[in-house]
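> Sharing a sequence plus its predicted fold:
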Amino acid sequence: MSELKLGINLWSQASAWPAFLAAAKRADELGYDHVWTWDHLYAIFGDPHQDIIEGYTALAALAMATERTQLGLFVGANTFRNPGLATKCLVTIDHISGGRAILGIGGAWMEPEHQAFGIDFGTGFGQRLDWLAEAVAAIRTLLDGGEVTSEPDGRYAFDHLRIRPLPVRPHLPIMIGGGGEKKTLRIVAQHADLWNVFGAPEIVAHKNEVLRAHCRDVGRDPEAIERTLGCKITIRNTETEARRVERALLEHNRTPMSWIEGDDSFWPGTPEQIAEKIVGYRRVGFHTFVNELAAPYDAETIERLITEVKPMVESAAMPA
């Protein structure tokens, strides 16, 4: 059985820097494997016009304020930045952190923030995924010390591009988020070191099989890709109390409860209930869990997930 890994994804909306920083530092002290934040310019839950912290600058600050945890965007919007520039920024964060950066990237999906900032959103998700495929191939080459020149008919116009310095660690990992079966999972099979997805166990198990088929097609070992699951955990002694805390956090983020109806990534419950959930996903091949935390960040959940739930999961009997 693969090692259980836990990450924290700090919602950057409805937040203030002191609380954001304190939560990241506490996760680092407790031994979380990674700390993430969004790459959004508008709030994505509730009212879009809430305070929101920018992703790459936040990661650079966290790189100085933490000591052990890996750091990344969950996930970076490929449309926001030239991929060469994004790579350069992330490698700088890798050096600031002493080799703890992960390059998270996806096709992007929130049109209003693109429109407001004047960023090209493309003609549709298919085109943005084509851009992503081109970008990730270039990013991998650049991270590995190679040179990139774009094809004439591509989205980008790289001209003998190289980056220096190279990352601190020999193979800086790329995380790709998304579950699109035709394009996204093929890009994951070709280039990702980590893949993040959301959904019920039966859904992500199916996506995992699709990914394995793409890996066979491109000649990639599927076990070389770490499967990560996104979730939103709230822990209390009773499920009723956990739901009350969850509701208060959503109210702080100006998000009606109706927005999350049917969203099975929200997990309010007791430590035992959360451990049972995690074990269920481990049975279908997912061993890394990234818990999204809404501001102002639930210190009790941060503590109990790693000090109580993790030992329960690790001691649970699993099929051979």
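Okay, I see it. Residues are numbered from 1 along each chain as shown.
> Which stretches in the stretch 51-200 of the chain count as helices?
55-65, 83-97, 111-117, 125-143, 184-191 (DSSP state H, counting those that start in this stretch).
> contact partners of the first one?
Residues outside helix 55-65 that contact it (Cβ atoms under 8 Å, 6 or more residues apart in numbering) are 12, 20-21, 24-25, 35, 37-40, 71-73, 76, 86, 89-90, 92-93, 96-97, 100-101. In short, each C-beta sits where N, CA and C put it, glycine included.
> ok so, going back, looking at the helices of the stretch 51-200 of the chain, which is nearest to Gly269?
Ranking those by proximity to Gly269 (Cβ to Cβ) places helix 55-65 first, at 28.6 Å.
> Who are the contact partners of Ser82?
Residue 82: Asn, not Ser. When contacts are counted by Cβ under 8 Å, 6+ apart, Asn82 is found next to Tyr156.
> Please report phi then psi for Gln13.
Dihedral angles phi and psi of Gln13 (degrees, to the nearest 10) take the values phi -90, psi 160.
> what does the one 4 residues further on give?
Phi and psi for Trp17, reported as degrees, to the nearest 10, are phi -60, psi -40.
> Which parts of this structure are strands?
5-10, 34-37, 70-73, 76-77, 101-106, 174-177, 194-197, 226-235, 266-269, 288-293 (DSSP state E).
> As TSV, those with mean neighbour count and mean pLDDT would be great.
Listed next are the strands of the chain as TSV, based on neighbours: other Cβ atoms under 10 Å; pLDDT from 0 to 100:
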stretch	mean neighbour count	mean pLDDT
strand 5-10	23	98
strand 34-37	27	98
strand 70-73	26	98
strand 76-77	26	98
strand 101-106	27	98
strand 174-177	25	98
strand 194-197	24	98
strand 226-235	22	98
strand 266-269	20	98
strand 288-293	24	98
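> With distance to Thr255 added, can I get the ones you listed in JSON lines?
Output for those, formatted as JSON lines (distance: least, Cβ to Cβ, whole Å):
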{"stretch": "strand 5-10", "distance to Thr255": "16"}
{"stretch": "strand 34-37", "distance to Thr255": "18"}
{"stretch": "strand 70-73", "distance to Thr255": "21"}
{"stretch": "strand 76-77", "distance to Thr255": "21"}
{"stretch": "strand 101-106", "distance to Thr255": "22"}
{"stretch": "strand 174-177", "distance to Thr255": "21"}
{"stretch": "strand 194-197", "distance to Thr255": "21"}
{"stretch": "strand 226-235", "distance to Thr255": "11"}
{"stretch": "strand 266-269", "distance to Thr255": "11"}
{"stretch": "strand 288-293", "distance to Thr255": "13"}
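> nearest to Glu300, of the ones you listed?
strand 226-235 (6.6 Å).
> chain center to that closest one, what's the gap?
The chain centroid and the centroid of strand 226-235 are separated by 10 Å under Cα atoms, centre = their mean, to the nearest Å.
> And stretch 98-116, by the same measure?
Remark: stretch 98-116 is offset 9 Å from the chain centroid, using Cα atoms, centre = their mean.
> How about stretch 284-299?
Centroid displacement of stretch 284-299 relative to its chain, using Cα atoms, centre = their mean, is 10 Å.
> quick thing: my sequence starts at 414, can you match it?
Sure, I'll start numbering at 414, so the last one becomes stretch 697-712.
> Compute the first-to-last residue distance for it.
29 Å (Cα to Cα, to the nearest Å).
> next one: stretch 624-640
Taking Cα to Cα, stretch 624-640 runs 10 Å from one end to the other.
> buried ones in that stretch?
624-625, 627-628, 633, 635, 638-640 (16 or more other Cβ atoms under 10 Å).
> Would you format the helices of the stretch 464-613 of the chain as a markdown table with mean neighbour count, distance to Ala707 and mean pLDDT included?
As requested, the helices of the stretch 464-613 of the chain are exported to a markdown table (neighbours: other Cβ atoms under 10 Å; distance: least, Cβ to Cβ, whole Å; pLDDT from 0 to 100):
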| stretch | mean neighbour count | distance to Ala707 | mean pLDDT |
| --- | --- | --- | --- |
| helix 468-478 | 18 | 16 | 98 |
| helix 496-510 | 20 | 24 | 98 |
| helix 524-530 | 14 | 19 | 97 |
| helix 538-556 | 20 | 26 | 97 |
| helix 597-604 | 24 | 26 | 98 |
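> quick one: which of these is nearest Glu685?
Taking Cβ to Cβ, helix 468-478 is the member of these nearest to Glu685, at 31.8 Å.
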